[in-house]
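Trainee: Fold the stuff below for me.
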Amino acid sequence: MSSRSSYFRLGLFMVGALLAGVAILVVLGVGSMFRPKVVLETYFDGSVQGLDVGAPVKLRGVSIGEVSYIGFTRGRYQQDVLPVERRQYVLVEAVIRPDRLSAAGGTPGPEVLDTMVSRGLRVRMTAQGVTGMNFLELDFMDPAENPPIPIEWMPENLYVPSAPGTVTQFIQYADNIARRLDRLDVESLLENSNRLLETLDRSVAALDVPRINADVLLLLERLGSSLVRLDAMLSSPALADMPDNLGVAAANLRALSESPRFDESMNSLERTLSRLERTAEGVEDAVQGYEHNLSQTLDNLRAFSEQLRVLSEEAGQHPGLIWSEPPAPVEIPQP
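Mentor: Below is the predicted model:
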């Protein structure tokens, strides 16, 4: 009887534990099972090494879903295009919670998602610590520096363009540097460097080093002499007394400007200038009174000079007019 009761108690304990486990699963899992989810897809024009199905998808560090599919776009899109002309993009799909992607809490429509994409919403692959595992991160970036890759089809699900990740950018930079180093003609560069060193060696050997040293020493000696003379000039008593002399001159000038005699001298000068101005006005009036007479006098002088010029010209042509004897007087008979 005791054995049956112990079995009964054990059975009740197992049933209770099973019911408690189911209740915990219901509390923890049923909510997520019935929570609405949407599929988001993006395309990468490069390798997605380290990204696996089940990797988390985060929006600025907040988990919003997980990766559900990794493949190629050529297996779903561009079926009517020749295989060699299809885009060789990697298709990545993720199941996300729309309530964490949209501010309204529901599934974001195409218009809302397009607005977010135009503002710079991008998906990039980011390394998770030092384990080598990658995850998808959604963040807002500069749209001008991260333009969407070109596509010729309409995505079946919500679409967010991708952007190069940090690791991808580092690999691209390293690859570009390696290509530039590979294009460098290292042998020619070394040969030119050797030629440059040889030329410098010959130029240095051709220099007259003793003469250059002598010139440098002479220059330093002259510079030292100039500095000594400059120091003597700066330490001159006359230069030291210059500020005092300037102060005395300024004080004398100030005293002169404040002296009553200075004001009297300025007033006398002003009266003298006034007298000169009145005298000039009187002379001007006098000249204006005789302006007509002066004009006639100048005209007479001009006519006289003109007659002298004509007379000099005739004398030059007929010298006898001046140097010949005067003609004999003519007697007029008386009636």
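
Trainee: all strands of the stretch 151-300 of the chain, in order?
Mentor: Along the stretch 151-300 of the chain, the stretches classed as strands by DSSP state E, counting those that start in this stretch are 158-159.

Trainee: Show me what counts as buried in stretch 240-247.
Mentor: By 16 or more other Cβ atoms under 10 Å, stretch 240-247 has no buried positions at all. (C-beta placed from N, C-alpha, C; glycine too.)

Trainee: how far out from the middle of the chain is stretch 196-206?
Mentor: 42 Å (Cα atoms, centre = their mean, to the nearest Å).

Trainee: any idea of the mean pLDDT for that stretch?
Mentor: What stretch 196-206 shows for mean pLDDT is 80.

Trainee: So, low pLDDT: which residues of the stretch 51-200 of the chain?
Mentor: Along the stretch 51-200 of the chain, the parts satisfying pLDDT under 70 run over 102-109, 129-132, 166-175, 184-185.

Trainee: ok, which stretches of it are helices?
Mentor: Using DSSP state H, counting those that start in this stretch, the helices of the stretch 51-200 of the chain run over residues 98-101, 110-118, 166-183, 186-206.

Trainee: The stretch 201-335 of the chain too?
Mentor: Counting by DSSP H, counting those that start in this stretch, residue ranges of the helices within the stretch 201-335 of the chain are 209-234, 237-258, 260-289, 291-317, 320-323.

Trainee: weakest of these by average pLDDT?
Mentor: For the helices of the stretch 201-335 of the chain, where the average pLDDT is lowest is helix 320-323, sitting at a mean of 50.

Trainee: so where's the longest strand in this protein?
Mentor: When the chain is scanned for its longest strand (criterion: DSSP state E), the result is strand 62-72.

Trainee: buried residues in it?
Mentor: For strand 62-72, the neighbour count (16+ other Cβ under 10 Å) marks Ile64, Gly65, Glu66, Val67, Ser68, Ile70 as buried.

Trainee: contacting residues around Ser268?
Mentor: By Cβ atoms under 8 Å, 6 or more residues apart in numbering, the contact list for Ser268 is empty.

Trainee: Roughly how far does it sit from Arg275?
Mentor: For Ser268, the distance to Arg275 (Cβ to Cβ, to the nearest Å) stands at 11 Å.

Trainee: Would you list the phi and psi of Gly50?
Mentor: phi 100, psi -10 (degrees, to the nearest 10).

Trainee: returning to that earlier point: between the buried residues of strand 62-72, which sits nearest Asp263?
Mentor: Proximity of those to Asp263 (Cβ to Cβ) peaks at Ile64, which lies at 93.5 Å.

Trainee: so who does the closest residue to Gln128 other than its chain neighbours touch?
Mentor: With Cβ to Cβ, 6 or more residues apart in numbering as the criterion, Gln128 has its nearest non-adjacent residue at 5.4 Å, and that residue is Phe135. With contact taken as Cβ under 8 Å, 6+ apart, Phe135 is in contact with Leu51, Ala55, Pro56, Val57, Lys58, Val67, Met125, Thr126, Gln128.

Trainee: at 10 Å instead, please
Mentor: With contact taken as Cβ atoms under 10 Å, 6 or more residues apart in numbering, Phe135 is in contact with 50-52, 54-58, 63, 66-67, 94, 125-128.

Trainee: Fine by me, we can end here.
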